[in-house]
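# Give me a 3D structure for the following:
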Amino acid sequence: MLDKGAPDIPNSEYAGVVQDVAGGMSVEKAAADWHVSVERVRDVLAHTGPLAPDEAPVTTIAWRLGHLHTGFAGGWEWTFGERRRDPKLLVDFTPSAERAVARFWETVDRWRDSVATVTEKQLDTVGFSQYPYASDPDEKFVDVLWAGNLEFIHHMAEIALLRDLWRARFDGSGTRTG
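Residues are numbered from 1 along each chain as shown. So this is what the prediction gives:
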């Protein structure tokens, strides 16, 4: 994955894990989705009281774009592709922002074009996508698309905000303001 360090369930995701298990997802499936032990999921489910804020650093524009790129590339591979390549290895990261953005949009366009061919029956098919780092195998494809759109919208909004904040660091004369 793009994140470094041992897999874990951030405090900000506890409610989602509880909701997934309450909705019928097994503890084993939740553990597999998060790449953590069953015991860790049980700890999350047993937690009561206030949660400490997550201490993760602010993620960069590059991280957010890479996260989306990996998700769309993996989603395509495990829905329309051969369903065998590791999603973490599908994106050839580059230090060039221009190249990274171009590659990202190529991947999104391929995803969009493939989704446009999906039938109504396929939209209602549970497991139409087998993406291994999400609940895709257990969801109707229309729900996978909904979640993917939500992920796209919120990360692109974050990217836009970070870009605007970066630009706002300087006043009109090129002097740093913050």
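
# how does the protein divide into domains?
In terms of domains, the chain is parsed into 1-55, 61-167 (source: automatic domain parsing).

# among those domains, which is the most enclosed?
For those, ranked by mean neighbour count under the definition mean count of other C-beta atoms under 10 Å, the leader is domain 61-167 at a mean of 15. C-beta here means a position set from N, CA and C on the backbone, and glycine is covered the same way.

# And the nearest residue to residue 93 once chain neighbours are set aside, how close does it get to residue 22?
Using C-beta to C-beta, 6 or more residues apart in numbering and skipping residues adjacent in sequence, the residue nearest residue 93 is residue 66, 6.2 Å away. Taking C-beta to C-beta, to the nearest Å as the criterion, residue 66 is separated from residue 22 by 32 Å.

# How about residue 74?
Taken as C-beta to C-beta, the spacing of residue 74 relative to residue 22 amounts to 27 Å.

# Give me the contact list for stretch 7-26.
The contact list for stretch 7-26 (C-beta atoms under 8 Å, 6 or more residues apart in numbering) reads 1, 27, 30, 34-36, 40-41, 44-45, 47, 51-54, 56, 135, 138.

# on that earlier part again, name the helix or strand for the residue nearest to residue 93, please.
helix 61-77 (DSSP states H and E).

# could you say what helices and strands that helix packs with?
Packed against helix 61-77, as judged by 3 or more C-beta pairs under 8 Å, 6 or more residues apart in numbering; DSSP states H and E, are the following elements: helix 97-115, helix 141-167.

# what angle do it and helix 141-167 make?
Between the axes of helix 61-77 and helix 141-167, defined by axes from the mean of the first three to the mean of the last three C-alpha atoms, to 10 degrees, the angle is 160 degrees.

# rewinding a little: tabulate the domains of the chain (a markdown table), appending mean pLDDT.
A markdown table is the format used below for the domains of the chain (pLDDT from 0 to 100):
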| stretch | mean pLDDT |
| --- | --- |
| domain 1-55 | 84 |
| domain 61-167 | 94 |
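
# Quick check: phi and psi at the residue lying closest to residue 83 once chain neighbours are set aside.
Once flanking residues are discounted, residue 83 sits nearest to residue 130: 5.4 Å by C-beta to C-beta, 6+ apart. Residue 130 has phi and psi values of phi -110, psi 20 when expressed as degrees, to the nearest 10.
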